[in-house]
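> predicted structure and sequence below. I'll ask about it afterward.
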Amino acid sequence: MNAIMSIKQEYSQKILSGEKLFEFRKSAPLRATRIYIYETAPTKHIVGSFEFRIIKDTPLNLWERFGSFAGISEEGFFAYYKDAKIGIALEVINLRQEDINPYTRFQGFRPSQNFLYAGI
């Protein structure tokens, strides 16, 4: 099983360029082995996919360990994790470029804020 994850264009392009090696979330994908990157508006396409390793830690420790590969400002990182005791870092492994129109591939496709599980 794979998951589709919505990511803003600014961050998805940093993942695809190799600048952003970790995607940060408040929850982890539970049943997926590969994550497909759904790039939000204006693109609205699946633009890449990657395998991942889940790292759980405090936001402070995640920033100290991976901040230089986060592709986000320190201010933005800590604003995202405001009041969170635990954060999730998804290490990007085996990145692939993709070009999939989910609206034609999956009937009734609706992007999810977290993870949408699909048999891609």
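Thanks, I have it. Residues are numbered from 1 along each chain as shown.
> Gly67 against Gly76, yeah?
No - applying CB atoms under 8 Å as the test, Gly67 and Gly76 come out as separate, 11.1 Å apart. To be clear about C-beta, it is placed using only N, CA and C from the backbone, and glycine gets the same treatment.
> so what pLDDT did the residue nearest to Thr43 when sequence neighbours are not counted get?
Excluding the flanking residues, the one nearest Thr43 by CB to CB, 6 or more residues apart in numbering is Gln9, at 5.9 Å. Among the per-residue scores, Gln9 holds a pLDDT of 96.
> and for Ile15?
pLDDT, read off for Ile15, is 98.
> report how many residues lie close to it.
22 (other CB atoms under 10 Å).
> and Phe78, what is it in contact with?
59, 63 (CB atoms under 8 Å, 6 or more residues apart in numbering).
> state the helix or strand in which it lies.
helix 74-80 (DSSP states H and E).
> and the most centrally placed residue in the chain, what does it touch?
Geometric centre of the chain, nearest residue: Glu23, 4.7 Å, by CA atoms, centre = their mean. Contacts for Glu23 (CB under 8 Å, 6+ apart) come out as 5, 7, 11, 15, 35, 52, 89-90, 92.
> quick one: the strands in this structure, in order.
2-7, 22-25, 34-39, 45-57, 87-100, 115-118 (DSSP state E).
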